[in-house]
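Undergrad: quick one: sequence plus predicted model below, questions after.
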Amino acid sequence: MTEQRTVLLVDDDPDLISVHSAYLELLGFNSLQANNGKEALDILSARKDDVEIILSDVVMPEMGGYEFCQEVKDNDSTKELPFLFISSHTSLEEKLKGYAVGGDDYIEKPIKPEELSYKINMLLNARVKNKQLNSQLAETHHTALQAMTYSSDLGQILEFYKNSLNADSYEQLASYLFETTKSYDLKVTLQLITPSETITLTERGTAPPLESNVIELSRPKGRYFDFGARTVINYQDFSLLIKNMPIDDPERYGTIKDTLGTLCNAIESRVRVLISNSTAKKNDEILETVKSTLKQVESLFSKVQQGNAQAIETLTDELEEAMLTTLGLNEDQEESIREIAKQCFESSKEVHKEGLALNDMFENINEQLRNVLAAQA
């Protein structure tokens with residue numbers, strides 16, 4: 001059995017109330033009845049959810065139809081109810097008054113059941129369509145707001161991309177990141193894994209040890225690791241901890257996650273450049289240190305060679321002089337000493353040659369080291 005719908009019928013004439021309610025019953029409607037606008041407002045206050053349409057006389061004591069209609073249309077909880085005036089006053093002036101206070105239609109007394117049925121069904125169908133339209137408009141508005149929000153988020157990310165290109169240090173990159181996440185009202189910590197160290201930064205400086213450790217332990221948990229209102233996003237060279245995700249707003253939560261994913265891609269690009277630049281710089285420093293050391297070794301070895309040659313030459317000269325002046329040796333003894341000095345000198349020359357070969361080896365080591373560092377860069 002179909003449930004009957006309810007009409008609020010307002011008229012100060014008891015006979016018309018009876019006739020009109022009978023008509024409504026034939027059309028399949030229940031009726032709530034009031035003698036004037038004031039009584040009708042009391043009924044609406046108690047049973048507004050039951051009423052689907054209002055049929056009201058215009059001229060009534062205490063509160064007439066126009067004033068009653070104005071009250072209904074000014075109330076957010078009843079303003080969508082269709083309002084049909086029933087009156088013998090149907091001049092343009094009267095209809096303009098009804099239109100001005102928000103009335104939906106007019107029906108002239110005495111009522112014809114067919115006309116009443118037509119106008120009621122027309123207004124109720126229009127109300128259903130308006131509800132559907134309002135629902136569609138609300139959904140469209142919501143979608144538009146989402147699109148605007150996402151567009152705004154993308155704008156922030158593009159701004160970060162541009163700023164990050166100017167970052168020449170991890171700290172400066174983190175500063176640009178914190179500016180961006182602050183626009184989303186997010187509190188974040190950035191942990192960078194560089195070849196030489198792990199750096200954990202917040203907008204207030206270095207992160208507490210426990211927070212750093214939590215991020216490190218979260219790295220094996222996958223790209224996204226959620227715990228409570230916190231989320232850790234892990235990449236090869238860094239992790240991003242978000243400490244106040246909007247878990248009470250699932251829609252915003254999903255949008256923020258998508259946005260942060262795009263933001264992390266931007267972070268990853270710049271971090272890799274910074275790591276590459278840092279590695280190349282360290283390689284250059286290592287190379288320069290080795291080259292400097294080799295030069296020092298070469299210089300020292302050259303001095304040793306020169307000193308060795310000079311010592312042998314001095315020794316030879318002194319032996320010659322001693323043999324001529326003080327030693328009193330015979331010719332065989334002198335010749336024997338000369339031979340010893342000569343052999344010592346020849347040995348010294350061989351040491352010098354080996355020193356030159358060692359120097360070539362140093363140059364070869366230098367070249368190989370340079371090639372290895374270039375391949376790592």
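TA: Everything's here; your move.
Undergrad: just give the nearest non-adjacent residue to Val271, would you?
TA: Nearest non-adjacent residue to Val271, counting by Cβ to Cβ, 6 or more residues apart in numbering: Asp237, 4.8 Å away. C-beta: built from backbone N, CA, C; applies to glycine.
Undergrad: isn't that neighbour right next to Arg270, touching?
TA: No - at 10.1 Å, Asp237 and Arg270 do not qualify as touching, with contact defined as Cβ atoms under 8 Å.
Undergrad: who has more neighbours, the two?
TA: Neighbour tally, Asp237 and Arg270, criterion other Cβ atoms under 10 Å: the higher count belongs to Arg270, 21 against 15.
Undergrad: so the more buried one lies in a strand, does it not?
TA: No - assessed with DSSP: H, G, I helix; E, B strand; the rest coil, Arg270 is helix; it does not lie in a strand.
Undergrad: tell me the contacts of it?
TA: Arg270 sits next to 164-165, 167, 173 when contact means Cβ atoms under 8 Å, 6 or more residues apart in numbering.
Undergrad: if I look at it, how far off is Leu192?
TA: 11 Å (Cβ to Cβ, to the nearest Å).
Undergrad: try Ser56
TA: With Cβ to Cβ as the criterion, Ser56 and Leu192 are 73 Å apart.
Undergrad: just Gln236 next, same as before
TA: From Gln236 to Leu192 the distance is 11 Å (Cβ to Cβ).
Undergrad: with Asp57 instead?
TA: Where Leu192 is concerned, Asp57 sits at a distance of 78 Å (Cβ to Cβ).
Undergrad: with Gln310 instead?
TA: Counting by Cβ to Cβ, the gap from Gln310 to Leu192 is 57 Å.
Undergrad: what do you get for Ile86?
TA: 77 Å.
Undergrad: same question for Glu331.
TA: 83 Å.
Undergrad: quick one, which of these two is more surrounded?
TA: Leu192 (20 against 8).
Undergrad: and that one, what does it touch?
TA: So Leu192 contacts 170, 174, 198-201, 237-238, 271 (Cβ under 8 Å, 6+ apart).
Undergrad: I'd like the next helix or strand past the helix or strand hosting Tyr99.
TA: Element membership for Tyr99 (DSSP states H and E) is helix 92-100. The helix or strand immediately downstream of helix 92-100 is strand 105-108, counting by DSSP H and E.
Undergrad: could you pull up the mean pLDDT of that next one?
TA: For strand 105-108, the mean pLDDT works out to 90.
Undergrad: put the alpha carbons of that strand into CSV.
TA: Taking Å, rounded to 0.1, in the frame of the first residue of the first chain, the C-alpha atoms of strand 105-108 are listed here in CSV:
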residue,chain,number,x,y,z
ASP,A,105,1.5,29.4,-7.7
TYR,A,106,-2.0,30.7,-7.4
ILE,A,107,-5.3,28.8,-7.7
GLU,A,108,-8.6,30.6,-7.8
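Undergrad: buried sites along it?
TA: 105-107 (16 or more other Cβ atoms under 10 Å).
Undergrad: which residues touch that strand?
TA: 55, 82, 84-88, 90, 94-95, 98, 115-116, 119, 122-123.
Undergrad: likewise for stretch 199-217?
TA: By Cβ under 8 Å, 6+ apart, stretch 199-217 touches 170-171, 174, 178, 182, 187-192, 198, 232, 239, 241.
Undergrad: show me where the chain has its strands.
TA: 5-10, 29-34, 51-57, 83-87, 105-108, 188-193, 198-202, 205-206, 224-227, 230-234, 238-242 (DSSP state E).
Undergrad: least confident of the ones you listed, on average?
TA: strand 205-206 (a mean of 76).
Undergrad: just checking: what are the partner strands of that one?
TA: strand 198-202 (antiparallel) (DSSP bridges).
Undergrad: can you pull the buried residues of the strand it pairs with?
TA: Buried, per 16+ other Cβ under 10 Å, within strand 198-202: 199-202.
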